[in-house]
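Visitor: Predicted model and sequence below, questions to follow.
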Amino acid sequence: MNINRYPEIKPGSKLLKRIYVAVMMWFLGKAIQAAVKVDPEVKKEFDIIPPNFTLRMMIYPERAFPLFFYAKMLPAFVRDKGLLLYGIQMIIGKDKEGRVRYMGSDPKGKKIDLHMIFKSLEAATMVFTFRESTTTAYAHDRFMVEGDLPYALAFVRVLDIVEVYLLPKIVAKRAVKRYPKWSELSPIKKYVNRVLVYVRAFTA
């Protein structure tokens, strides 16, 4: 048999999925930073997390998803503030003063205390297209946690609250484990805070 007649089939780059997930991680990171200043429940969840604590959400294996082509040209302050997309990661944490900050996508020089790792790009896409909640994805073994589980659970609760603000109700019900009663009972609060989260996320 002539093996040259059967060339190796290489998988596609899935560029659109990579860009979509990167955009969602970037926007969620900035929205979480904004929501801490807007919603007391989000602040309460972060209060249990100690200062100088950093969380990294990523896709495994990282080497399979290289940085975007312009990433190495970005100055450090752009990378650290997450002003532009850098890669398919989200790094967020508390500084020594206890302020919650989105720290961009570059782990270089950062001490990561908690990793939340999707096992594949498809697993991350399921969550970020809101076909599956984060808790359901964990139950289906689509991502793993390396670090303190109580802090990971606090972060998942923060994600649920932020997604309720960002998404229409029909979509948010699929994205979160349980749609909060406060959102149904206080529509004014929800919509005012939604506007504030969006504004702060894009102006921070």
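Guide: Everything's here; your move. Numbering: from 1, shown residues only.
Visitor: Give me the pLDDT value at the residue nearest to A137 when sequence neighbours are not counted.
Guide: Sequence neighbours aside, V127 is the residue nearest to A137 in space, at 5.1 Å (criterion: Cβ to Cβ, 6 or more residues apart in numbering). The C-beta positions use only the backbone N, C-alpha and C, and glycine is treated the same way. With respect to pLDDT, V127 scores 88.
Visitor: can you give me how far the helix or strand harbouring L196 is from the chain middle?
Guide: Under the criterion of DSSP states H and E, L196 resides in helix 187-203. Chain-centre distance of helix 187-203: 18 Å, with Cα atoms, centre = their mean, to the nearest Å.
Visitor: List of residues touching that helix?
Guide: Outside helix 187-203, the residues that touch it by Cβ atoms under 8 Å, 6 or more residues apart in numbering are 27, 30-31, 33-35, 37-39, 162, 164-166, 182-183.
Visitor: about what we covered before: distance from whichever strand or helix holds the residue nearest to A137 to the middle of the chain?
Guide: Per DSSP H and E: V127 is located in helix 121-128. The chain centre lies 11 Å from the centre of helix 121-128; the measure is Cα atoms, centre = their mean.
Visitor: Just the buried residues of it, please?
Guide: Buried residues in helix 121-128, defined by neighbour count with 16 or more other Cβ atoms under 10 Å: L121, A123, A124, T125, M126, V127, F128.
Visitor: if we can go back for a sec, pull out the buried residues from the contacts of helix 187-203.
Guide: For the contacts of helix 187-203, buried by 16+ other Cβ under 10 Å: 27, 30-31, 33-35, 38-39, 162, 164-166, 183.
Visitor: since we're on I91, how many residues are nearby?
Guide: Here the number of neighbours of I91 (other Cβ atoms under 10 Å) works out to 24.
Visitor: show me what contacts the residue nearest the centre of the chain?
Guide: The residue lying closest to the centre of the chain (Cα atoms, centre = their mean) is M25, at 4.0 Å. Counting by Cβ under 8 Å, 6+ apart, M25 touches M57, I88, Q89, M90, S105, F128.
Visitor: That'll do, ta.
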